[in-house]
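# Here you go, sequence then predicted model.
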Amino acid sequence: MIEASCHCGTVRLEVIRAPRVLLDCNCSICRRYGGLWAYYKAGSVRLRYRRRDVETYAWGDRMIRYIRCSQCGCTLHHERIKGTANSPIGVNARNFDPVVIAKARVRRFDGAITWKFLD
Ligand SMILES: [Zn+2]
């Protein structure tokens with residue numbers, strides 16, 4: 001298992017393999033968070049934190065929420081609010097050890113307007 005951790009270490013999660021592709025999205029929220037997103041099936045990500053140690057953010061149609069550490073503020077992942085084990089979960093790969101993502105391909109995604117890849 002490969003672990004991602006917030007800065008203070010309170011909020012952690014584990015994935016089964018290193019990401020091969022990372023999404024760099026320019027939508028209104030992703031550009032502010034500065035995340036690089038690695039997608040996994042929700043059922044394959046092991047969340048290692050207590051609900052009381054995180055805060056969430058959702059807006060608009062409230063389909064997705066972003067989860068961050070309530071201590072240090074690092075955003076760990078985003079998920080469908082009414083998701084299933086097969087729903088995608090976006091893990092912020094910035095919270096992995098940099099070695100884990102060193103060889104991953106970063107794809108720029110236009111989440112702001114066209115919802116298409118820019119590369
Ligand atoms: Zn933290």
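Yep, that arrived.

# Please count neighbours and contacts with C-alpha atoms only from this point.
Fine.

# Show the residue spans covered by the strands in the chain.
2-5, 12-15, 21-25, 37-41, 46-48, 54-57, 64-69, 75-80, 88-92, 105-110, 116-117 (DSSP state E).

# which residues are contacting the shortest one?
If I follow you right, that is strand 116-117. The contact list for strand 116-117 (Cα atoms under 8 Å, 6 or more residues apart in numbering) reads R107, R108, F109, D110.

# want to throw the residues you listed into JSON lines with neighbour count, pLDDT and distance to the ion?
Listed next are the contacts of strand 116-117 as JSON lines, based on neighbours: other Cα atoms under 10 Å; pLDDT from 0 to 100; distance: Cα to the ion, whole Å:
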{"residue": "R107", "neighbour count": "16", "pLDDT": "97", "distance to the ion": "27"}
{"residue": "R108", "neighbour count": "16", "pLDDT": "97", "distance to the ion": "27"}
{"residue": "F109", "neighbour count": "19", "pLDDT": "97", "distance to the ion": "27"}
{"residue": "D110", "neighbour count": "17", "pLDDT": "96", "distance to the ion": "29"}
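
# Of the residues you listed, which pair is most distant in space?
Based on Cα to Cα, the longest span within the contacts of strand 116-117 runs between R107 and D110 and measures 9.9 Å.

# which neighbours do the two share?
Counting by Cα under 8 Å, 6+ apart, the contacts common to R107 and D110 are F117, L118.
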